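1. whatever this is, show me its structure:
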Amino acid sequence: MRPKLLVAAALAALVGAAAAQDLKVGVTLSATGPAASLGIPERNTFALLPQTIAGHKVDYIVLDDGSDTTTAVKNTRKLITEDKVDVVVGSTVTPNSLAMIDVAAENETPMISMAASARIVDPVDAKRRWVFKTPQNDQQMATVIVGHMLAHGIKTVAYIGFADAYGEGWWGAFSTIAEGRGLKIVGNERFQRTDTSVTGQILKIMSAKPDAVLIGGSGTPAALPQKTLKERGYTGVIYQTHGVANNDFLRVCGKDCEGTYLPAGPVLVAEQLPNDHPVKKSALAYIAAYEKAHGKGSVSTFGAHAWDASILLQAAVPVALKRAKPGTKEFRAALRDALEGVKNAAGAHGIFNMSPTDHLGLDQRAAVMIQIRNGAWTVAK
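-> Purely as a prediction, here's the structure:
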């Protein structure tokens, strides 16, 4: 073979080897459908993430699951079996994420969910050992809500939530904590994300005359019960979950949201936090990156969940690379182990400290009680 051909062949082999070592991150999120107001800022955030980690090019393969569980599972299977990704990030909502667990575990591929329910990672069993997540658990946020209710003299409360895993997860967490601390629950109702009326459920709740109502929903569909409560003349205190912490919810709910309380991650009110808050610096870093691309005031907590998935990968990938190369079964196992060992990783929502029994790794520093005042997110007094 001629010298020039030998050189060309050697270069081609090197290029092929380098391409094989690219880190592939597969993403499925809900950029359309009922959860679109959550998935769109997540999708926007993936465009802002590092293009290299530990010297390896990162290929982000982003798919839309349309807020549909079946599509999320199909996307996950495609990303793993066809695209040969090293890790799956997603999905946006709890039902989708729960359905994806079997596929990730079956293929021994680490998965980082951007959905809230603790059931996604707890308990860490044979399947969930492959699964991690970035949003605060519903138990963490329910603890904040119950503490706020008790501090403000609330004695009776009603609940209305999604008729799916998100709503049920919140009901389980909130009712257990509330009843354990002496709150009396006088109503428990459900609604679908696609419903256009909840009048019947709200009339039942109002007949019980609760001091407060907690709405266990996410995104813009969670505005429906709130607007109905206001239309029917409810004058008690209304709480939402951290699932509504984006500007689309404020837009859809409008004046009917005024005075509402909800727990949320520090990123939503980072500029209002004291300078010594442990998450302020890392939260502001995400805000600066997102607002540079999408304008001031465009940040939501949901894009920050995607950002924090990258924070976990930036901490874990260099460790995994010491054992194996991307694109191999050995690397996926090493990455799983490295994610489980992440310590003191500062994200937009909190400080992550993972362990074999905790695949979230956030503590109460990741929660702030917020009140909607004058159409804006404000740290509650």
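2. which residues of the stretch 101-250 of the chain fall in strands?
-> For the stretch 101-250 of the chain, the strands defined by DSSP state E, counting those that start in this stretch occupy 111-113, 131-133, 156-162, 184-191, 212-216, 237-240.
3. save those as JSON lines, and put in mean pLDDT, distance to Cys253 and mean neighbour count too.
-> (Glycine included, C-beta is placed from N, CA and C.) Listed next are these as JSON lines, based on pLDDT from 0 to 100; distance: least, Cβ to Cβ, whole Å; neighbours: other Cβ atoms under 10 Å:
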{"stretch": "strand 111-113", "mean pLDDT": "98", "distance to Cys253": "26", "mean neighbour count": "29"}
{"stretch": "strand 131-133", "mean pLDDT": "98", "distance to Cys253": "26", "mean neighbour count": "27"}
{"stretch": "strand 156-162", "mean pLDDT": "98", "distance to Cys253": "15", "mean neighbour count": "25"}
{"stretch": "strand 184-191", "mean pLDDT": "98", "distance to Cys253": "15", "mean neighbour count": "18"}
{"stretch": "strand 212-216", "mean pLDDT": "98", "distance to Cys253": "10", "mean neighbour count": "26"}
{"stretch": "strand 237-240", "mean pLDDT": "98", "distance to Cys253": "9", "mean neighbour count": "23"}
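4. and the pLDDT at the closest residue to Glu231 other than its chain neighbours?
-> Excluding the flanking residues, the one nearest Glu231 by Cβ to Cβ, 6 or more residues apart in numbering is Asp256, at 7.9 Å. On pLDDT, Asp256 comes in at 97.
5. assign a three-state SS to Asp256, would you?
-> helix (DSSP: H, G, I helix; E, B strand; the rest coil).
6. that one and Ala223 touch, don't they?
-> Yes: proximity of Asp256 to Ala223 meets the contact threshold set by Cβ atoms under 8 Å, at 7.4 Å.
7. contacts for stretch 203-213, please.
-> 149, 153-160, 186-187, 189, 225, 229, 232, 234, 236-239 (Cβ atoms under 8 Å, 6 or more residues apart in numbering).
8. likewise for stretch 331-340?
-> 86-87, 108-110, 112, 129-130, 132, 312, 315-317, 319-325, 354-356, 359.
9. now do it: distance to the chain's middle.
-> Mean-position distance between stretch 331-340 and its chain equals 21 Å (Cα atoms, centre = their mean, to the nearest Å).
10. could you do stretch 150-170 as well?
-> For stretch 150-170, the distance to the chain centre is 19 Å (Cα atoms, centre = their mean).
11. also stretch 331-341?
-> With Cα atoms, centre = their mean, you get 21 Å for stretch 331-341.
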